[in-house]
Structures are given as structure tokens and as C-alpha cells.
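A.B. asks: just to be clear, the model below is a prediction. Sequence and coordinates:
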Amino acid sequence: MKKQRKRYTAEEKVAVLRRHLLEGTTVSALCDELGLQPTVFYRWQKEFFENGAAAFQSKGRVDHQAEQERIEYLEKKIQRKDEVLAELMVEHIALKKELGEL
């Protein structure tokens, strides 16, 4: 009968790696305790270090810049609508004067 494969969450994987890296628990002890193959542990460690740079990337700036561009676009759009509205109001008043309604 085959043993059920345990699926570890990202948080669980990080906790296992933390125990090894910070607490100094040996890989063999962790693998025995969790029923992991050492190759699985080392694969997790490799992925962790390869993707670690993502934690330090400044996503806020990119989002902030896109948000600023969107705000500027919308402000220009409102300004243009205000200009068109003002122009129409001037024409409307001129027409009313012409027709003697004012």
C-alpha cells in the first residue's frame, strides 16, 4: 500500500527552511521528522533562494507610477471637459441674447 503524499504550503516550507538555516537543525533530522526526501528539501531551498529577490523588489514604485499616470490622465480629461462645457455655455448665452431671452 502506497503512502499518501503530503502537500506542504508555502508557509510550511519556509518554516522547515527556517529551522535549518536559523536554528541549525540538520537536514537529515528534518527529513526524518517530516518524512521528506533530502532532494525535496534541497529543491525547496533552491527555489527559496532563487525567488528571494522578489521579496526585495519595489513593486510599490511601479504601481505608484502607474497610479500617478492614471491620475494625470483623468485630470487632463476633466480639464478638457470643463473647457468644452465653458465654451458651450458661452455659445448658449450668446444665443439667448440673440433671441432676446436674456
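C.D. replies: Done, it's in.
A.B. asks: please name the nearest non-neighbouring residue to residue 48.
C.D. replies: residue 17 (5.6 Å; C-beta to C-beta, 6 or more residues apart in numbering). Every C-beta, even on glycine, is put in place using the N, C-alpha and C of the backbone.
A.B. asks: mind listing what's buried in whichever strand or helix holds that neighbour?
C.D. replies: Residue 17 belongs to helix 10-21 when assigned by DSSP states H and E. Using 16 or more other C-beta atoms under 10 Å as the test for burial, helix 10-21 gives 13, 16, 17, 19, 20.
A.B. asks: make a markdown table out of the residues you listed and add distance to residue 76 and pLDDT.
C.D. replies: Converted to a markdown table, the buried residues of helix 10-21 look like this (distance: C-beta to C-beta, whole Å; pLDDT from 0 to 100):
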| residue | distance to residue 76 | pLDDT |
| --- | --- | --- |
| 13 | 48 | 92 |
| 16 | 52 | 92 |
| 17 | 49 | 93 |
| 19 | 55 | 93 |
| 20 | 55 | 93 |
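A.B. asks: can you add distance to residue 96 and give these back as a markdown table?
C.D. replies: Listed next are the buried residues of helix 10-21 as a markdown table, based on distance: C-beta to C-beta, whole Å:
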| residue | distance to residue 96 |
| --- | --- |
| 13 | 74 |
| 16 | 79 |
| 17 | 77 |
| 19 | 81 |
| 20 | 82 |
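A.B. asks: closest to residue 84 out of those?
C.D. replies: residue 13 (57.7 Å; C-beta to C-beta).
A.B. asks: leaving aside the residues adjacent along the chain, what's closest to the closest one?
C.D. replies: That would be residue 44: by C-beta to C-beta, 6+ apart, it lies 5.0 Å from residue 13.
A.B. asks: number of residues surrounding that neighbour?
C.D. replies: When neighbours are defined as other C-beta atoms under 10 Å, residue 44 has 19 of them.
A.B. asks: nice, that's everything, thank you.
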